[in-house]
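*Asks:* Fold the following for me, if possible:
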Amino acid sequence: QVQLVESGGGLVQAGDSLRLSCAASGNALSMYSIGWFRQAPGKEREFVIGISRSGGSIAADSVKGRFTVSRDNAKNTVYLQMNSLKSADTAVYSCAADSLVSTVRVRTTPGSYEFWGQGAQVTVSS
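*Replies:* Now for the predicted structure:
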């Protein structure tokens, strides 16, 4: 098993940047592909961006060109860099781990992920 803890959330203004961290304990992070999801009040949880075990990534259209994801397996941490933030990005952001065998694939459905962090609030004021 792996335990995930997000950090780095907060209140920022539109256009600002923010970096979230997802720190893992337990099993090595290198065993998992990692997805970032977000959930705004009254809305369903949605896939934001994910990184495969080999380091490839895919992103939702709404964040392409603004958000990037990276991983440092030595530190057992995945990072979500968010630039040019918009008020529509306001949500609780959660990282999740998928023990998918493939080293190159990233799944986008929440049900594919076995382990979840507690979430970090990101609020973007306009």
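
*Asks:* From residue 103, how far off is the residue nearest to the spatial centre of the chain?
*Replies:* Residue closest to the mean C-alpha point of the chain, counted by Cα atoms, centre = their mean, is residue 36 at 2.3 Å. For residue 36, the distance to residue 103 equals 19 Å [Cβ to Cβ, to the nearest Å]. Just so you know, the C-beta spots here come from the backbone N, C-alpha and C atoms, and that holds for glycine as well.

*Asks:* got a list of what residue 51 touches?
*Replies:* 33, 34, 57, 69, 70, 71, 78, 106 (Cβ atoms under 8 Å, 6 or more residues apart in numbering).

*Asks:* which stretches of this structure have low pLDDT?
*Replies:* Scanning the chain for pLDDT under 70 picks out no residues.

*Asks:* rewinding a little: wouldn't the residue nearest to the centre of the chain be in contact with residue 45 here?
*Replies:* No - applying Cβ atoms under 8 Å, one finds residue 36 not in contact with residue 45, separated by 10.9 Å.

*Asks:* anything in contact with each of these two?
*Replies:* residue 94.

*Asks:* Tell me which stretches of this protein form strands.
*Replies:* 2-7, 10-13, 18-26, 33-39, 46-51, 57-59, 67-72, 77-82, 91-98, 115-116, 120-125 (DSSP state E).

*Asks:* What helices and strands are in contact with the last one?
*Replies:* In this case it means strand 120-125. The helices and strands touching strand 120-125, judged by 3 or more Cβ pairs under 8 Å, 6 or more residues apart in numbering; DSSP states H and E, are strand 10-13, strand 18-26, strand 91-98.

*Asks:* Please list the residues outside the longest one that contact it.
*Replies:* Strand 18-26 has contacts (Cβ under 8 Å, 6+ apart) with 1-10, 12, 32, 34, 36, 75-82, 85, 93, 95, 97, 117, 120, 122.
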